[in-house]
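Participant: Pasted the sequence and its predicted model underneath.
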Amino acid sequence: MSTGASASRYARALLEAIVTDGNPEQVEQDLTAFADLVARAPELQRVFANPAVPPAAKRGIVETLLSRMDASPPVVRLLRLFAERDRLAVVGELAAAYRERLTEYRRIVRAEVTTAAPLGPDALAQLEQRLASATGRRVTMSARVDPAIIGGAVARVGSVVYDGSIATQLQRIRERLEERR
């Protein structure tokens, strides 16, 4: 099984266990903090990925790191389990998969909006509200500017694209005119 599939499976199980009697947001913060710590230390990555390093040694390293982190009990148990089973190399992927699962659980969707010119805070808030109405979920939005779209906006929500750009409308008009020839 790939590490991505394994991380996704662990993330699903962790969220299911935490949702009933835990703090899913705290678990996300703790997992992300541990994954970031490992990502910033290449020597830790090498040790955790090396099958020649005994699990007991990896657990000792994890215990030392956890004593400095003040991590929540579910994260502590999970990381100890990962050390014992020599699965610490997937912690980064696990943190990302857990974040995705938690976002789905909270019914939040990410949107990327592209406009021809920068939008003011009121226009961004109104656009975010319209996307929330269209998707039926809360929206977290990032905005970028691309003068090539001429005007209007293009919103990408997951795999769905809402294209209200003038450039696309002009392209469609051009295609219709070419069809009539």
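Facilitator: Thanks, I have it.
Participant: Residue most distant from the centroid, the protein?
Facilitator: Centroid-distance maximum for the chain: Arg181 at 47.9 Å, with CA atoms, centre = their mean.
Participant: mind checking how far the lowest-mean-pLDDT helix or strand in the chain is from the chain centre?
Facilitator: In the chain, the helix or strand scored least confidently by mean pLDDT, DSSP states H and E is helix 3-21, which has a mean of 86. Relative to its parent chain, helix 3-21 has a centroid offset of 14 Å by CA atoms, centre = their mean, to the nearest Å.
Participant: ok, now stretch 23-35?
Facilitator: 13 Å.
Participant: Outline the domain layout of the chain.
Facilitator: Each domain of the chain is listed here as a residue range: 3-104, 107-180, per automatic domain parsing.
Participant: Would you tell me which one of the ones you listed is buried the most?
Facilitator: The highest mean neighbour count among the domains of the chain, using mean count of other CB atoms under 10 Å, belongs to domain 3-104: a mean of 16. From N, CA and C alone the C-beta is placed, and that goes for glycine too.
Participant: now the end-to-end length of that domain.
Facilitator: 21 Å (CA to CA, to the nearest Å).
Participant: All further residue positions should be reported with the first residue as 9.
Facilitator: Understood, numbering begins at 9; the last thing we discussed is domain 11-112.
Participant: any chance you could map the helices in this structure?
Facilitator: For the chain, applying DSSP state H gives helices covering 11-29, 32-47, 50-57, 63-77, 81-92, 99-113, 129-143, 174-188.
Participant: same for the first one, what does it pack against?
Facilitator: Contact partners of helix 11-29 among helices and strands, from 3 or more CB pairs under 8 Å, 6 or more residues apart in numbering; DSSP states H and E: helix 32-47, helix 81-92, helix 99-113.
Participant: ok, residues contacting the least confident helix or strand of the chain?
Facilitator: For helix 11-29, contacts defined as CB atoms under 8 Å, 6 or more residues apart in numbering pick out 32, 35, 82, 86, 95, 97-98, 101-102, 104-106, 108-110, 113.
Participant: got a list of what Val117 touches?
Facilitator: Thr111, Thr143, Arg145, Arg146, Val147, Thr148, Val165, Gly166.
Participant: Recalculate using a threshold of 10 Å.
Facilitator: Shown in contact with Val117 (CB atoms under 10 Å, 6 or more residues apart in numbering): 111, 139-140, 143-149, 165-166, 168.
Participant: could you dump the residues you listed to CSV with distance to Ala175?
Facilitator: Converted to CSV, the contacts of Val117 look like this (distance: CB to CB, whole Å):
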residue, distance to Ala175
Thr111, 31
Leu139, 20
Ala140, 26
Thr143, 24
Gly144, 29
Arg145, 28
Arg146, 29
Val147, 24
Thr148, 26
Met149, 21
Val165, 19
Gly166, 22
Val168, 19
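Participant: okay, who's weakest in the residues you listed by pLDDT?
Facilitator: The member of these with the lowest pLDDT is Gly166, at 82.
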